[in-house]
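[1] Next one to model:
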Amino acid sequence: MCSGNGVHKSLDLRLIPEFDGSPQQSVVEWLEKVELVCKLRDISDVASVIPLRLTGGAFAVYLQLNAQERSSIDKVKEALLAAFATDPFVAYDQFVSRKLGPDESPDVFLAELRRLATLFGGVSGESALDTKPQSPADKVLCCW
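    Next comes the predicted model:
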């Protein structure tokens, strides 16, 4: 791999988990990891790294792109997000039904709520404060 400045950079692909498009995997989180690893290794051609870690249905989606689309990080991300991103309505349902787990830290809980909120368009600060907290998880949420 060559970085944007022509310097040869090695990339241990094991730093990037494989992505197959299964419901247990977040395509948004996976893409962020790919971009982070490429940034840390000074690799500017992220579009050429992505297919190396795709398997199954995710690789099939990639193969449907033409050569020009495959070379564009925006087109590759757009195709993967269209195929595998959580539907906004599903994200909202998951958001409103999400409860703090018994062994879950509040920071992890809030990070998951924020992730879900970005998928359905978010919650304004005023609407979060409009309702009276009913549970400890709601109390944490109202302060978010």
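[2] Just want the most central residue of the protein.
    Centroid check for the chain by Cα atoms, centre = their mean gives Val28 as the closest residue, at 1.7 Å.
[3] Going C-terminal from the helix or strand containing that one, what's the next secondary structure element?
    Using DSSP states H and E, Val28 maps to helix 27-40. On the C-terminal side of helix 27-40, the nearest following helix or strand under DSSP H and E is helix 46-49.
[4] Report the mean per-residue pLDDT for that next one.
    Averaging pLDDT along helix 46-49 gives 96.
[5] One more: stretch 53-73?
    Stretch 53-73 comes out at a mean pLDDT of 97.
[6] Buried ones in the helix holding Val28, by neighbour count?
    27-28, 30-31, 33-35, 37-38 (16 or more other Cβ atoms under 10 Å). No exception for glycine: its C-beta is placed from N, CA and C like everyone else's.
[7] Give me the distance between stretch 53-66 and the centre of its chain.
    Relative to the centre of its chain, stretch 53-66 is centred 17 Å away, using Cα atoms, centre = their mean, to the nearest Å.
[8] got the end-to-end distance for that stretch?
    19 Å (Cα to Cα, to the nearest Å).
[9] now do stretch 18-38
    With Cα to Cα as the measure, the first residue of stretch 18-38 is 15 Å from its last.
[10] ok, and what's touching it?
    Here stretch 18-38 makes contact (Cβ atoms under 8 Å, 6 or more residues apart in numbering) with 11, 15-17, 44, 46, 49-50, 53-59, 61, 77, 80-81, 83-86, 115, 119.
[11] Could you tell me which of the residues you listed count as buried?
    If we count by 16+ other Cβ under 10 Å, the contacts of stretch 18-38 have these buried: 11, 16, 46, 49-50, 53-54, 58-59, 61, 77, 80, 84, 86, 115, 119.
[12] What about those, which are in helices?
    46, 49, 58-59, 61, 77, 80, 84, 115, 119 (DSSP state H).
[13] Include distance to Val90 when you put those residues into CSV, please.
    Shown next, in CSV, are these (distance: Cβ to Cβ, whole Å):
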residue, distance to Val90
Val46, 27
Val49, 29
Ala58, 19
Phe59, 24
Val61, 19
Lys77, 20
Leu80, 17
Phe84, 12
Arg115, 13
Leu119, 8
